[in-house]
Structure formats: structure tokens, C-alpha cells
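# Sequence plus predicted model, see below.
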Amino acid sequence: MNETRPLLLSREQRIRSGSDFRRCYNGVRAGDDHLLIFAIRNDVGCSRIGVSVSKKHGNAVKRNRKKRLLREAWRAHQHDLPQSLDLVLVPRQRADSGLNDFKASLRRLTCKLERRLKSTPTRPNPGEPSS
RNA sequence: GCAGAUGGCCAGGCGUUCGCUGCGUCAGUUUCUGGCGGAGAGGAAAGUCCGGGCUCCACAGGACACGAUGGUGGGUAACGCCCACCGUCCGCGAGGAUAGGGCAAGUGCAACAGAAAGCAAACCGCCUGAAUGACACUCUUCUUUGAGGUGUGUUGUGAGGCGAAGUCGGCAACGACUUUCCAGGUAAGGGUGAAACGGUGCGGUAAGAGCGCACCAGCGAUUCAGGUGACUGAGUCGGCUGGGUAAACCCCAUCGGGAGCAAAGCUAAGCAGAAGGAUGUGUGUCCUCGGACGCACGCGAUUCGGUCCGGGUUGUUUCCUUCGGGUCAGCUGCUGGAGGUGUCGAGCAAUUGGCACCGUAGAUAAAUGAACGCCCGCGACAGGCAACUGUCGUCGACAAAACCCGGCUUAUCGGCCAUCUGCAGAC
RNA sequence: GGCACCGUAGCCCAAUGGCAGAGGCGGUCGUUUCAAAAGCGACACAGUGUGAGUUCGAAUCUCACCGGUGCCA
């Protein structure tokens, strides 16, 4: 691991507007038992993530804990993952997902998404409105 | 020691590393970045059930509706909250519960059962008289056996039989059916029902009845005493008693303007309009004779918490309604307040006055996290007579601010403290 | 965050405070048919979201929870 680059997670590395979320939902996606990821390329210069946890996961405390675990997993692995992507992380509705589960799923699924995006690099994202 | 009652408190702790959001300061520099310092979820932050602060709108009034509250006194900015007390109910007790004004202002409701469900009467039943049957006795009439009548007594019936009348059947005895059978006194009793016009006893009576009396319960009036008051206690008198339900309509008293920080204000950016409705009459001044301004009436819009009356503002060539389009970015509001802690007073208490000290979250796809180590607690397993020891754990209650306070309600692992009660034991 | 509204059979929904509950669609069985559909007949399916209270009695009235829906800049 590169020791010189700090493991940060600032506000610019987060998806915060509804239109960006909608753009991601029209991109490619991949999932496993713990996680579902929507991804699309961006031109901001760095990768960004967004987190979406539905009300089915429990009360506000349980939902907040899942969001923090997802952000921590991404923060720890941000330099090992493909760059210049917008990711939306959606956890699966199961109670036993821990931090290590999310880390492993994140690594595995982003590699899959990177390969899928490279295989169709010129795809004009048919789901995205071309406004 | 066991079982409880009430009130209060805590909400796993410490350390290292990485990370997040504000604040202060310094440096680069004015887009931001970095260093240092310091701060960073709750007792319920929750539900949004009440009350206020604050912001905007409105702020002539009247009538009628509407909503909330409901023992008394106090506290408070205010409350449906809190404290103290009163009444009622529950508990052996410490204590707990209590929407607790008024059905003697009016209207309504009570299924089923029951004689009857609200005015008290009707029905069954009980009793008396008339009437009538039987028996006994007395008197009397007719010609003896005998028959009839009068009176008295006992007893039966008196909605029920051997009563009376009619029809049918039958030789008859008799049987069947139909009709009819007077007047009154009672409310003791009447399988019900949630609830039945006081309860028990004695007297009394034709039978009965608060009809009378004694005690008890309840109601009303009144007097005295205590209390600020709700109310309590004692006495006298009265008729003997008038049910329940107002979280049924309602009456009484008190309170209530509307909306809510997605309020409200500012900056920046951006877009495209369409349809429908209203646009009247009279008159004055100016006057370039086309218009402008003003007044009155009418009409429209809006507002005065709801409706009506009545008013305010405004429009009458610019407004209103609906549909559509654009933006949904930033700033202020935004945290110092009915603040907290300690102490000295007032008060039974809730609460409140003085003084001193403290500085205590401000996010916006929404900040508090992760990893490791030690201790604490819990659970499982193993060893051990036990005390205990060791290992393991996605182990650590309920739950996270969103303008801010005061309450209420609900959720909650485990534990601590204080006061008190009952039972058992010892002294 | 704030403000409103609603919970009754599998679904849609009715009910005067009174025997605990109407109807439609759907379901099961029978009848009919060669078989089905339609029709006809029968049956089952609720204890009214949960818990307290008022009342003799609550789906209904009151309160507190639970679940769901809608609106705002």
C-alpha cells in the first residue's frame, strides 16, 4: 500500500446531488450477498461514492451504522480500487454484514465493474437521458 | 433474611493510530490549503399528544355555530403539566388509581329477558263486600211424609267451581263447545335483568303498606364549630326518598386569531407559454377631443379563525383561476437560553429570590466512526466439592439532534443510593 | 422537520352503542356438460390493527401505542 497517500474521505469525494445519483443508477451494476453497486465513469478527476440505505434496514441507528461501515470500507481501499468512478453502494438487507464483508465485496465488485466498463468504453449509456 | 412501595441517579471505562463536522488562532493567501488549541447526540434526542417563545399574515364589530378543559387552593411564560389538600375506589400496610361540574333546566337511550325499564300504573297473586253453593240452628207459611221462605252462624267459591244462559249429542245421568259473571282495597310476593320507588325487626290490618315505632343507609332544609376553599364533624326538623347514562345531545364556567423554520428575508442562476373568467353605468376636472385623474353605485378578488350581517384593502386594462415550463444553488434565521452547577434565604411542596462560578453540538444524500490492547459486565463451554480458574464471543439495553424551550406518553440491558411497609427470626 | 387522513374475511367495502357483523369479487364442494365456461344450490373464511378506559353492553365513544397513505420549499 502506498504510505504517502493519506486515506481521506472529504466532501468532494461524495455524491451529494440527486442528479448524480440518477446518473449512477443508469450505469452498470454488480452485486453479491452483501452489497449492490451502481457505477459510472465521471470526469471530476477522482472517484466519488454515495450511499443509499432504505428504511427496511431498521431504525436510524442501524441505518447510520451501515452507512458508516460502507464509507469506512471505501476509505480503507480507495487507492486499491479503480479511479474516476462514481459509485452508489446499496447494502443487502441482512443483519450479519460486517466491515470485512463489505471490504471484500467492494474489492471484488469494483474489479468486475471496471472490466465491464472497459469492455464497452464507447457505450453512450442508453439509460441516461442525453439531454 | 424474604417479599414489596416510593423517589432520585448512572447509561461501560481508559489508552494508541487512522478518519469526519464546526469554532478560535497563526501562516500561505483570499478559490482554498496546512499547523496548533479546544469542542462534538439523549434520558428519552423518539411519538408529535399539549403548552409557549420566535417569524410572517391579519388586527371595526355583532349574532350564531366550533374546539378544548372541568373537585379545591397554589406554582408557572403557559399548559390538558407539576405540588399540596378534599371526595370516591383498591390494597393487611408502606402506598396506588381517579376526564371528579350539572340528569331537582329540557330532550333522548336501555337490545334480550321480564308483569313492569321510568309517569307511575296495568297484569298475576292476596283480601273484602255484593252474589251464590253446602251444612247446622231459629222463626214462619202451606194439608201429614215433605216442600217453600226469613234470619243467624260456620265453611266453600268469589276469573272459578257442583254458578247462569244458549247450541249439539244422549231415554236419562251426563259430556262437549260458545257466551256471560258486579264493586272495591292492596303493593307484602311474582323464574327475570347490569339496574325494579330504601333494608331489618316489632306493632298493626280483612289482606296489606313508612301506616306507626326502633336501629341503619340515603336525600333536602337549617343551626353551630373547623378550614382561604373543595369539604369535614355535631345537632334539629321534614317528607319518608325523586334510579342509571352527560368519554348521549345539551346546560354552566373558563380559555382559544391563522399558519408554521419546508415560517420569513436576501443573493445568484434559469425558462415558454396556453386556456378560461372578470373588465359595467352615471358624473366632475384637465383636455392635444384620443385619453388621464377623481367620486358614487354595481360587479369581481382578497381578508377580518367557520357561516351570516357588516367592514377593511384592492381591481375595473390589468387582475384572478387552471394547466404547462424553469430552478430546486448559496447565505441569514442558527444557537446565550423561561441555561446549568454550588451556596444562603422564603415555602409542607411544586417553585422562587440573592450571590458566586461555568461557557456547554450546529449537520444539510445530513458530522460522533473504524482497528488494536487492558479492565468491567453478560452468555456458552471445560476443570473443580466449593471459592474460583481458563477459553471463546461479527457479545455490550432502548435508541441518534435538525429553530429553541416546558411537560406528557411510549421504548429500555444492567446497576447504585435514600426513605418506608408487611412477614419471619434473634436480642 | 412540520401538517392532515385512514385501518373490518384473501381483495373492495357496509354498519343507529344492543343477539357480535350485511353485500360484491375471489375460494371449496355439489349440480349441469363429452369436457369446460356461464348458471343454480350449499359451505367455509372476521372476532373489527393492539392495549386500556367510559358504559349493563364498544367495530362504533375517549385515550395511548402500532402500521399505512397524502401534502409543503
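Great, that's in hand.
# What ranges does chain A have for its helices?
Secondary structure of chain A (DSSP state H): helices at A:18-25, A:60-77, A:99-119.
# The residue positioned nearest the centre of chain A and residue A:62: what is the separation?
For chain A, the residue nearest the mean C-alpha position is residue A:87 (3.2 Å; C-alpha atoms, centre = their mean). Applying C-beta to C-beta, to the nearest Å, the value for residue A:87 to residue A:62 is 22 Å. C-beta coordinates here come from the backbone N, C-alpha and C atoms, glycine included.
# got it, and residue A:81?
Residue A:81 sits at a distance of 26 Å from residue A:62 (criterion: C-beta to C-beta).
# The two: which is more packed in?
Higher neighbour count among residue A:81 and residue A:62: residue A:81, with 18 against 11, using other C-beta atoms under 10 Å.
# give the contact list for the more buried one.
The neighbours of residue A:81, taking C-beta atoms under 8 Å, 6 or more residues apart in numbering as the test, are A:47, A:74, A:106, A:107, A:110.
# how about a cut-off of 7 Å?
A:47, A:110 (C-beta atoms under 7 Å, 6 or more residues apart in numbering).
# Next one: it from RNA strand B, what distance?
To RNA strand B, residue A:81 is 16 Å away according to C-beta to the nearest atom of the strand, to the nearest Å.
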